[in-house]
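Novice: What follows is a predicted structure for the sequence shown.
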Amino acid sequence: MKAIILNVSAALVIAGLLAASGCTDTAPSGPSASLGSVTVTKYVAIGNSLTAGYQSNGLYESAQIYSYPNLISQQLNAAGANLPAFQQPLWPDPGTPSSATSGVASRYVIISMNGPVVGPANEAITALAPLNAATLARPYDNLGVPGAVIYDFLDTSSFASKAGAPRNNPLFEAILRTPVFGNSILAQATALNPDLVTFWLGNNDVLGYATSGGTSPAAPTDPAIFAQLYGGSLTLLHQALPKAKILAANIPDVAAIPFFTTIGPKIAATLPAGVYLRYQKHGNAGPALDSTRFTEANSPLITLEAGPYAALIGQSPCAQWYHDLAASLGIPFTTLFAQYAAAGIDTTTPFGLSPSNPFPDALVLDAGEQTIATNAITAFNATIANVVANTSGAVVVDMNSFFNSVKANGLSVNGQTFTTAYIAGGLFSLDGVHPSSKGYGIVANQYIKAMNDKLGMHVPYVNVNNLPGIPTPPLSKAHGVQYPNIPLSAWKSFHTLWGSEN
């Protein structure tokens with residue numbers, strides 16, 4: 001049985017991407033702000049949760065207003081574009097209703113002075129519809145749909161049908177609304193007749209695999225299929241908008257986002273000398289022969305979702321993971337665990353230290369899975385580079401190279417230093433995958449850098465210092481920064497949004 005876990009966009013995953021070849025961001029020098037020779041009367045953004053402004057496990061207005069497309073639109077106006085109001089599908093705080101529970105708001109993670117909490121969890125919203133859904137008689141300018149993969153750009157099947165299994169994602173219908181505005185993302189984007197388009201799809205074609213520990217889906221999108229779909233997408237977009245400038249971002253590495261880099265080192269620091277963490281490799285639902293002290297090359301990456309379970313390592317009996325999994329699936333524990341027991345799992349032995357009670361596959365991206373993810377990203381980015389090079393008016397926004405620079409060197413922005421560290425790094429929201437508000441400003445500036453460098457524009461950068469930071473956790477003299485231990489239930493809307501399987 002494959003374990004349920006998030007298939008994000010998500011996503012996601014950009015750490016501190018900004019406008020510089022090294023690790024410092026400064027305002028563009030030279031000519032005063034202008035559009036250069038480029039005409040911009042309409043700007044449309046195409047993408048997934050990253051484009052939508054998803055933060056800390058949800059879509060909610062106080063975060064969405066800092067989406068990178070909205071920030072780019074403001075900077076284009078500062079350069080003289082005089083664009084009309086940039087229309088986004090905004091949900092009032094506390095956010096979109098969960099895709100798993102009718103009418104209940106998404107459970108995004110917050111930190112209070114009393115410690116990390118999940119909330120608000122039970123504030124009802126009467127309808128799964130954005131604030132301006134009824135009054136905006138045209139498509140949104142921000143067509144970022146959380147959970148979207150490259151296939152979805154050209155797909156003309158019913159938006160509403162994606163709310164059912166296996167996608168379990170009502171946001172296609174909520175954001176794209178009815179086919180009156182066009183029966184695909186391509187149709188809705190071209191109906192707006194933009195002369196500037198940002199295009200960032202493909203993240204979810206690998207990130208869902210990675211963030212689920214290689215369980216849901218069990219593999220990234222096949223590179224040959226991705227090449228066919230991506231090539232067709234940009235070709236048809238260019239044919240429909242032959243004069244438009246298209247900025248197509250490539251796919252960052254997944255191995256350095258806080259979702260993967262936070263929990264493993266915490267476990268390593270607590271393992272007694274000579275003691276190894278036992279973990280399941282890809283596809284293993286039974287006892288584990290594999291072990292790690294996180295010192296070997298390509299040691300396993302432990303997901304952020306494993307935080308509460310890392311604290312239970314060594315306990316016996318310990319079946320907490322299986323109890324939480326059963327609750328998240330809505331099935332009795334005895335029904336679910338019977339399958340694991342039949343495979344040889346024995347929760348009366350020390351959790352994570354015994355081969356018969358190992359750390360679950362769904363919480364681990366092992367060395368082989370890391371290689372699969374890396375190979376997929378390499379192939380996807382080769383496709384993006386080739387397709388963009390053969391599309392007139394299109395340029396690549398190299399998020400992958402910039403991300404690697406930030407991973408290695410950090411990033412200084414007007415005196416503030418950003419890193420890829422969880423919470424302390426300042427770039428990521430509390431889900432460890434999607435950027436913070438400042439992080440989205442940094443992403444916006446990477447697009448603006450491409451506009452200035454490759455299109456001859458002179459658009460001013462977003463002043464990241466003016467954007468809000470993530471909530472600051474309280475400090476403990478004994479333990480340092482207090483990280484939130486997010487329970488599995490808090491990820492439920494996150495999981496179901498991306499159509500996780502079980």
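Specialist: Received, thanks.

Novice: Any buried residues in stretch 337-350, and which?
Specialist: 337, 340, 345, 347, 349-350 (16 or more other Cβ atoms under 10 Å). C-beta: built from backbone N, CA, C; applies to glycine.

Novice: what's the offset of that stretch from the middle of its chain?
Specialist: Centroid separation for stretch 337-350 versus its chain: 33 Å, with Cα atoms, centre = their mean, to the nearest Å.

Novice: quick one: average confidence on that stretch?
Specialist: Mean pLDDT, stretch 337-350: 97.

Novice: Equivalent analysis for stretch 51-63, please.
Specialist: Stretch 51-63 comes out at a mean pLDDT of 90.

Novice: Please apply the same query to stretch 245-261.
Specialist: On average, stretch 245-261 scores 93.

Novice: and the gap between the nearest residue to residue 89 once chain neighbours are set aside and residue 93?
Specialist: Nearest residue to residue 89 in three dimensions, chain neighbours excluded: residue 130, at 3.6 Å (Cβ to Cβ, 6 or more residues apart in numbering). Distance of residue 130 to residue 93, given as Cβ to Cβ, to the nearest Å: 13 Å.

Novice: neighbour count winner among the two?
Specialist: Taking other Cβ atoms under 10 Å, residue 130 and residue 93 do not tie; residue 130 has more neighbours (23 against 16).

Novice: so how far is residue 84 from that one?
Specialist: 18 Å.

Novice: quick one: secondary structure of the nearest residue to residue 456 once chain neighbours are set aside?
Specialist: Nearest non-adjacent residue to residue 456, counting by Cβ to Cβ, 6+ apart: residue 36, 4.3 Å away. Under DSSP: H, G, I helix; E, B strand; the rest coil, residue 36 falls in the coil class.

Novice: what sits against residue 36?
Specialist: Shown in contact with residue 36 (Cβ atoms under 8 Å, 6 or more residues apart in numbering): 455-458.

Novice: ok, now with 10 Å
Specialist: 79-80, 451-452, 455-459 (Cβ atoms under 10 Å, 6 or more residues apart in numbering).

Novice: Kindly report the same for residue 342.
Specialist: Per Cβ under 10 Å, 6+ apart, neighbours of residue 342: 285-286.

Novice: Roughly how far does it sit from residue 286?
Specialist: Taking Cβ to Cβ, one finds residue 342 at 9 Å from residue 286.

Novice: try residue 323
Specialist: Taking Cβ to Cβ as the criterion, residue 323 is separated from residue 286 by 19 Å.

Novice: Export the helix or strand hosting residue 326 to PDB, keeping only CA atoms.
Specialist: Applying DSSP states H and E as the criterion places residue 326 in helix 320-329. Presented in PDB, the C-alpha positions along helix 320-329 are these (Å, rounded to 0.1, in the frame of the first residue of the first chain):
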ATOM      1  CA  GLN A 320       1.700   6.900  16.100                       C
ATOM      2  CA  TRP A 321       2.500   7.300  12.400                       C
ATOM      3  CA  TYR A 322       0.000   4.500  11.500                       C
ATOM      4  CA  HIS A 323      -2.700   6.000  13.800                       C
ATOM      5  CA  ASP A 324      -2.300   9.400  12.100                       C
ATOM      6  CA  LEU A 325      -2.300   7.900   8.700                       C
ATOM      7  CA  ALA A 326      -5.500   6.000   9.300                       C
ATOM      8  CA  ALA A 327      -7.100   9.200  10.700                       C
ATOM      9  CA  SER A 328      -6.000  11.200   7.600                       C
ATOM     10  CA  LEU A 329      -7.500   8.500   5.300                       C
END
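
Novice: Quick check: buried residues in it?
Specialist: Buried residues in helix 320-329 (16+ other Cβ under 10 Å): 320-322, 324-329.

Novice: Name the nearest of those residues relative to residue 73.
Specialist: residue 328 (37.6 Å; Cβ to Cβ).

Novice: give the contact list for the closest residue to residue 414 other than its chain neighbours.
Specialist: Leaving aside its sequence neighbours, residue 414 sits nearest to residue 465 (Cβ to Cβ, 6+ apart; 5.2 Å). Listed by Cβ under 10 Å, 6+ apart, the contact partners of residue 465 are 413-416, 438, 441.

Novice: Is the residue nearest to residue 89 in contact with residue 173, as I believe?
Specialist: No - contact between residue 130 and residue 173 fails when scored by Cβ atoms under 10 Å: they sit 11.3 Å apart.

Novice: Let me know the secondary structure of residue 87.
Specialist: coil.

Novice: ditto for residue 337
Specialist: Here residue 337 is recorded as helix under three-state DSSP.

Novice: Quick check: closest non-adjacent residue to it.
Specialist: Nearest non-adjacent residue to residue 337 (Cβ to Cβ, 6+ apart): residue 322, at 5.1 Å.

Novice: Then residue 344?
Specialist: Among residues not flanking residue 344 along the chain, residue 286 sits closest, at 4.3 Å (Cβ to Cβ, 6+ apart).

Novice: May I ask you to confirm that the one you found belongs to a strand?
Specialist: No - according to three-state DSSP, residue 286 belongs to no strand; its state is coil.

Novice: Would you agree it is in contact with residue 358?
Specialist: Yes - with contacts counted by Cβ under 10 Å, residue 286 reaches residue 358, the gap being 8.8 Å.

Novice: With neighbour numbers in mind, choose between these two.
Specialist: More crowded of residue 286 and residue 358, by other Cβ under 10 Å: residue 358, with 25 against 14.

Novice: Quick check: that one vs residue 449, distance?
Specialist: Distance from residue 358 to residue 449, by Cβ to Cβ: 45 Å.

Novice: Next: residue 216.
Specialist: With Cβ to Cβ as the criterion, residue 216 and residue 449 are 35 Å apart.
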